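Q: any chance you can model this:
(chains A and B)
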Amino acid sequence: MRERTSTETLPGTLDLLIPKVLSRDSMHGYGIAQRLKGLSEDVLQVGESSLYPALQRLLLRGWVQSKWGVSDNNRRARYYRLTEVGRKQLARERRDFDRLIVAIQRVLEA
Amino acid sequence: MRQLLRRLQHAFRFRRFARDLDEEMRFHLDMKRQEFEAAGLDRSKADNAAKRAMGSLLDARQGARDIWVWPWVQGLSMDFKLGLRMLIKYPGLTMVGGAAMAFGIAAGVAGFEILTQMLDPTLPLDQGHRIVGLRNWDAARDRPSPHNAYDFASWREELEQIDDVGAVALSERNLTTDDGTEPVGVAEMTASGFRIAAAAPLLGRTLIEGDETLSAPPVAVIGEALWRRRFFADPRIVGRTVRLGKELRTIVGVMPESFGFPLAHSFWIPLRRDVLDYGPGEGPSLVIFGRLSSDATLEQAQAELAMVGRRRAADSPETHEFLRGQVVPYGKLFLEPRDSWRGLALANTFLVALVVLICANVALLIFARAEARRTEIAIRNALGASRRRIVLQLFVEALALSGLAAAVGLAAARVALHSFWSMREADLGRPLPFWISDGLAPTTQIYAVALTVVGAMIIGALPALNATGRGRQAQLRHSTAGGGGFRFGGIWTAVTVIQVAVTVMFPATAFFFQRWVVEGLTRDVGFRAEQFISARLAMDAETLPSSSKEGVQFHTQFRSTYQDLGRRLESEPGVTAVTFTDTLPGTLHAAERYEIEGIPVSELGREARLAFVDVDFFSALEAPILSGRSFELADFESDSEVAIVNESFVNQLLQGRNPVGRRIRRAALPNVRSPGPWMEIVGVARNLGMVGSDGVGLYRPLTSISSPSVEVAVHVKGTPASFAARLRSLASEVDPTLRVHDLMPLDEVGADLWLESRYLSRVLAVLSGVALLLSLTTIYATMAFTVAQRTREIGVRVALGADRGHVIAVIARRPLTQISLGIVAGGWLVALVFVGLFQSVPNLTEAVLIGAYSVLMMGVCLLACVVPTQRALRLEPNEVLRVEG
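A: As a prediction, the model looks like this:
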């Protein structure tokens, strides 16, 4: 059985991962979840109870914007787009995250 | 900041936000299901699998909501809902407490609004707060200086901090149309008045600068009300000619009803440019106004005017030495005498005290409820709710009640204000200034919110703090182990005692005030005023006097006209005497400070009231001189300095010594004015209704005082009122421009002096009634509640064989002691304030009434003890112990 790794292990990472996923293209919530799953090779399975609050949080902060559009299967869906503020924030978060990971690794390898 | 805006956006459109989120998640679920179907599951299994994979939708929804709404807001809204539920759960408390608070808030808010509109009015005009009044305060006479046309001209030129300096002369003229003649208030105003008030005419045009030139044709602008009433809303009014006094004027415009500038006017004519040509201290008396320039403050404008004033005082010391330029908010130019402000301020203090009293009462009721819920509070506390959280919860619950009360109170306040202003307008017999409105000013609305919050704090937070205070663990133990009832602690005993004391005080205040008003209204004026008819006589000055010499000429003409009327009146068959004065008995007399030769007093002298009277004043009033002599014709020659003092003057200022032959003079004001000339006291008169300064006063000959009007008192046989029409027709026969105002029996004169007091007296009576009723309700409710809480104790006592009467005595002792203490404290307050401060002792009826409602309070308290005790006594002791245990 594949070990399930939830985002809970590193709180706040969704706020980093979602903008990353959205940095190329605008996407709906389901698409974001799928992309996360795909990119992490099924390690990251994001439940809606954390995905949608995270999206709302990003909306509140102004990092993403949403707009209703039509999905590939011709259904009404809400698409999220990374804003300029979000893009800058992503870069900053990324730097911080990298520093954190390096620090953790140093500790673990010591 | 942007986040805050987004949150607000969410708050206003939260339904749409929720709908969008639901739709979004439905879409997600469908996609997930399709994914599982594609993997080979049938539809129902795919559906279940999708739902499992999605997790709790409810959690997602709640999680999303938590993002947008601060947790404390969610907590508050929950508390508020709980508060509303509590209001429904305890309908009795909601009704009594809510109604009481609504009443308190209505009274407080209405009082505040009236006070604000009277003391610090806001003009309902564009940039109204920048409109100011300008005047010269005469420091020597302590009043605004008249004859300021010269100052107007100079201020208009010199002031830079104030734009559009304009002026208006107020007068009354007879308006004659085809339908007859009536006196109208006329505003002779510069065109800038229309500009400052930024008002557009309903028809035609406003006055313009061109109308002010000497060669311009005489024009007038009228108000909508006058246009409708006198001209039947004639659409072709513009261009019509009317007669104003002796002059024909063409109407060029009609102003809308809302425009009453400068005061409550509906007839405007241009102020002619020659008003600018007067020398210092000459010319008409003008109301001068302007608008603060865009970057100026009132203080800067004041500083500039003071500087200009100093220059003027140096140039013209003989007229301007004691004049101090003042820039005041426009509405304050027309304020009533300072004394009546104090009355109003006092009234407002009283109203705030009332709100606090009411809230304290409601707090007692709520406290009882909070005590009943102490188990709930203790459990919440044990479960981890902080004291702050619990206090906040009870505060918000109380806010629900006080908010509801405020809504009702505000509506009631509007109704009360409407009737107050209508009543005042009717009593005054003239329109109120244009800035008076039925509405509630923004400051009053803020005040109402403050009252609501303070109310909620008193009724919610205070009991909550008390209920969650020290020893709450012990309470928890008590409540879970079936502990006995509770008693109000020290603070609540104090609240009960204070509220009973204030309740005793309230009706006493009403009684004394009522008596003071009645005494004022029925004051003995020392002669048979009911046999006289009186009126104020005035005359149109067709053109504003162009010099002080012309002014003297006009007054000479006025005097000979009214004296002519006096002779005509005396020859009437029903008339026995006619006399003139500047101030009628029973009305407020002018105050002045005097020094008496040979009597050492402080530098400032002693205050006395003054009236100028005709030669036959005392004989006409059938009030012969008590010692010395009356005035003689020779006293009316110029340079004759004589005075007659009244009995109060002799008794209070001379301690009964003989005044005849002594000399008095107007006291000097240090650094302001030197003393007046010495006057010889030639006689002593009875006290004849001098109002103010405890009736101490003196009379001087009515000679060439340059008053624009004079009072006439006519002694008639039969009913004075029936002579009114004859007096009017005689006046118009003597001179058609002689105006007769305030024609009424002399004993009714001066009643307007008591107008505010009469209102206040009525309001006090109603408020006292309500306070008493509320107090009784609270006493009953809280006492009954505390006794009911002691049911278990009663059961134990009875089980141990206590006598029933003894039980009642034990239970009632504490509440009765509290009430007695309150009554004693109230009695002491009454004595302190009324006997100590006003030297006024309650009469028998009042004493009996105060005693009666003290007994009533004790009775209600006793009843509140007996009823629940009896109920407890009827139960079997073991039943009581079982139930309570």
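
Q: what average pLDDT does stretch B:8-23 get?
A: On average, the pLDDT along stretch B:8-23 is 83.

Q: put the alpha carbons of that stretch into CSV.
A: Output in CSV follows, covering the C-alpha atoms of stretch B:8-23 (Å, rounded to 0.1, in the frame of the first residue of the first chain):
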residue,chain,number,x,y,z
LEU,B,8,-16.6,43.5,4.0
GLN,B,9,-17.5,42.5,0.5
HIS,B,10,-18.0,38.9,1.7
ALA,B,11,-20.1,40.1,4.6
PHE,B,12,-22.4,41.9,2.3
ARG,B,13,-22.6,39.1,-0.2
PHE,B,14,-22.1,36.1,1.9
ARG,B,15,-25.1,34.2,0.4
ARG,B,16,-23.6,34.5,-3.0
PHE,B,17,-20.2,33.4,-1.8
ALA,B,18,-21.8,30.3,-0.2
ARG,B,19,-23.7,29.5,-3.3
ASP,B,20,-20.6,29.8,-5.5
LEU,B,21,-18.7,27.5,-3.1
ASP,B,22,-21.4,24.9,-3.1
GLU,B,23,-21.6,24.9,-6.9
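
Q: buried stuff in that stretch?
A: By neighbour count with 16 or more other C-beta atoms under 10 Å in any protein chain shown, stretch B:8-23 contains the buried residues B:10, B:17, B:21. (Each C-beta comes from the backbone N, C-alpha and C, glycine too.)

Q: nearest to chain A: which residue in the stretch 651-800 of chain B?
A: The minimum distance from the stretch 651-800 of chain B to chain A, using C-beta to the nearest C-beta, falls at residue B:785 (47.0 Å).

Q: any figure for the gap between that residue and residue B:205?
A: 71 Å (C-beta to C-beta, to the nearest Å).

Q: residue B:19 too?
A: Distance from residue B:19 to residue B:205, by C-beta to C-beta: 57 Å.

Q: residue of chain A with the smallest distance to chain B?
A: Counting by C-beta to the nearest C-beta, chain A gets nearest chain B through residue A:53, at 3.4 Å.

Q: now that residue: which helix or strand?
A: helix A:48-61 (DSSP states H and E).

Q: so which elements touch that helix?
A: Judged by 3 or more C-beta pairs under 8 Å, 6 or more residues apart in numbering or on different chains; DSSP states H and E, helix A:48-61 is in contact with helix A:14-22, helix A:29-39, strand A:64-70, helix A:84-109, helix B:2-12, helix B:14-38, helix B:57-68.

Q: ok, residue 47 - contacts?
A: No chain specified, so I'll use chain A. Going by C-beta atoms under 8 Å, 6 or more residues apart in numbering or on different chains, residue A:47 touches B:53, B:54, B:55.

Q: chain B is the one I meant
A: residue B:33.

Q: now the stretch 301-450 of chain B against chain A: closest residue?
A: Closest residue of the stretch 301-450 of chain B to chain A, C-beta to the nearest C-beta: residue B:384 (23.6 Å).

Q: closest one of the buried residues of stretch B:8-23 to residue A:22?
A: residue B:21 (18.1 Å; C-beta to C-beta).

Q: how many other residues sit next to the closest residue to that closest one other than its chain neighbours?
A: Spatial nearest neighbour of residue B:21, chain neighbours left out: residue B:64 (5.6 Å); criterion: C-beta to C-beta, 6 or more residues apart in numbering or on different chains. Using other C-beta atoms under 10 Å in any protein chain shown, residue B:64 has 25 other residues around it.

Q: does residue B:64 touch residue A:54 like I think?
A: No - if you go by C-beta atoms under 8 Å, residue B:64 and residue A:54 don't touch, sitting 9.2 Å apart.

Q: show me what residue B:328 bridges to in the sheet.
A: residue B:133 (DSSP bridges).

Q: what does chain A have sitting close to chain B?
A: A:28-30, A:33, A:45, A:47-53, A:55-57, A:59-62, A:68, A:71, A:73, A:75-78 (C-beta under 8 Å from any C-beta of the partner chain).

Q: only whichever of these are buried, select them in PyMOL.
A: Restricted to buried positions by 16+ other C-beta under 10 Å, the PyMOL selection for those reads:
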select buried, chain A and resi 28+29+30+33+47+48+49+50+51+52+53+55+56+57+59+60+61+62+71+77+78
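
Q: I'd like to check the angle between the helix or strand bottoming out on mean pLDDT in chain A and helix B:14-38, please.
A: Ranking every helix and strand in chain A by mean pLDDT, DSSP states H and E puts helix A:48-61 at the bottom, with a mean of 85. Angle of helix A:48-61 versus helix B:14-38, following axes from the mean of the first three to the mean of the last three C-alpha atoms, to 10 degrees, is 140 degrees.

Q: next, the angle from helix A:48-61 to strand A:64-70.
A: 120 degrees.

Q: which residues touch helix A:48-61?
A: A:7-8, A:14-15, A:18-19, A:29, A:32-33, A:64-66, A:80, A:85-86, A:89, B:3, B:6-7, B:21, B:24-25, B:28, B:54-57, B:59-61, B:63-64, B:66-68.

Q: low-confidence ranges in chain A?
A: Within chain A, the ranges that satisfy pLDDT under 70 run A:1-12.

Q: thinking again about what came up before, and which of the buried residues of stretch B:8-23 is nearest chain A?
A: Taking these together and measuring to chain A by C-beta to the nearest C-beta, the closest member is residue B:21, at 6.6 Å.

Q: so the least confident helix or strand of chain A versus helix B:57-68, what angle?
A: 20 degrees.

Q: then stretch A:25-36 to PDB, C-alphas only?
A: C-alpha atoms of stretch A:25-36 as PDB (Å, rounded to 0.1, in the frame of the first residue of the first chain):
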ATOM      1  CA  ASP A  25      -2.300  28.300 -16.300                       C
ATOM      2  CA  SER A  26      -5.600  29.200 -14.700                       C
ATOM      3  CA  MET A  27      -7.400  26.100 -13.300                       C
ATOM      4  CA  HIS A  28     -10.500  25.000 -11.400                       C
ATOM      5  CA  GLY A  29     -10.400  23.400  -8.000                       C
ATOM      6  CA  TYR A  30     -10.600  19.800  -9.300                       C
ATOM      7  CA  GLY A  31      -7.900  20.500 -11.900                       C
ATOM      8  CA  ILE A  32      -5.600  21.900  -9.100                       C
ATOM      9  CA  ALA A  33      -6.200  18.700  -7.000                       C
ATOM     10  CA  GLN A  34      -5.500  16.500 -10.100                       C
ATOM     11  CA  ARG A  35      -2.400  18.400 -11.000                       C
ATOM     12  CA  LEU A  36      -1.000  18.200  -7.500                       C
END
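
Q: chain center to that stretch, what's the gap?
A: Its chain's C-alpha centre and that of stretch A:25-36 lie 9 Å apart, by C-alpha atoms, centre = their mean, to the nearest Å.

Q: count of neighbours near residue B:271?
A: Residue B:271: 27 neighbours (other C-beta under 10 Å).
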